[in-house]
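In: no sequence on this one, just coordinates:
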């Protein structure tokens, strides 16, 4: 797999982890008969921040790989000319 593919994969992992927080909060609160915004925010706090931290980390790694690939291609084109 090349660097661009790896970058896109990490960005996809970041999107999955970001959405997993909200999906897990919805599953956790699925037996609640009455929904409101405050209750959902409390459930999100119960789920915690590790998924957010991991998703931001995966996003940064993915962006770094894509920038690295673009930089290498730019340098190769520059050397050919």
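Out: Looks like it came in fine. Please read these numbers as outputs of a predicted model, since none were measured by experiment.
In: Help me confirm that residue 40 comes into contact with residue 25.
Out: Yes: counting by C-beta atoms under 8 Å, residue 25 is a contact partner of residue 40 at 6.7 Å. C-beta here means a position set from N, CA and C on the backbone, and glycine is covered the same way.
In: Those two: which is more packed in?
Out: residue 25 (19 against 15; other C-beta atoms under 10 Å).
In: How many residues are close by the closest residue to the more buried one other than its chain neighbours?
Out: Once flanking residues are discounted, residue 25 sits nearest to residue 43: 4.5 Å by C-beta to C-beta, 6 or more residues apart in numbering. Residue 43 has 18 neighbouring residues, counting by other C-beta under 10 Å.
In: Give me the buried positions along the host helix or strand of residue 43.
Out: Residue 43 is part of helix 37-47 when elements are defined by DSSP states H and E. By 16 or more other C-beta atoms under 10 Å, the buried positions in helix 37-47 come out as 43, 44, 47.
In: same check, this time on stretch 53-73
Out: In stretch 53-73, counting by 16+ other C-beta under 10 Å, buried: 54, 55, 58, 59, 61, 62, 65, 66, 69.
In: List the contacts of the third one.
Out: Residues in contact with residue 58, defined by C-beta atoms under 8 Å, 6 or more residues apart in numbering, are 10, 11, 13, 14, 17.
In: ok, now which ones touch the second one?
Out: Read that as residue 11. 58, 59, 62, 63, 66 are the contacts of residue 11 under C-beta under 8 Å, 6+ apart.
In: roughly how far is the strand or helix carrying the first one from the heart of the chain?
Out: Read it as residue 58. Assessed by DSSP H and E, residue 58 sits inside helix 50-80. Helix 50-80 sits 14 Å away from the centroid of its parent chain (C-alpha atoms, centre = their mean, to the nearest Å).
In: same question, stretch 49-64
Out: With C-alpha atoms, centre = their mean, you get 5 Å for stretch 49-64.
In: One more: stretch 8-26?
Out: Relative to its parent chain, stretch 8-26 has a centroid offset of 5 Å by C-alpha atoms, centre = their mean.
In: What mean pLDDT does it get?
Out: The pLDDT scores in stretch 8-26 average 95.
In: in that stretch, what counts as buried?
Out: Within stretch 8-26, judged by 16+ other C-beta under 10 Å, the buried ones are 10, 11, 13, 14, 17, 18, 21, 24, 25.
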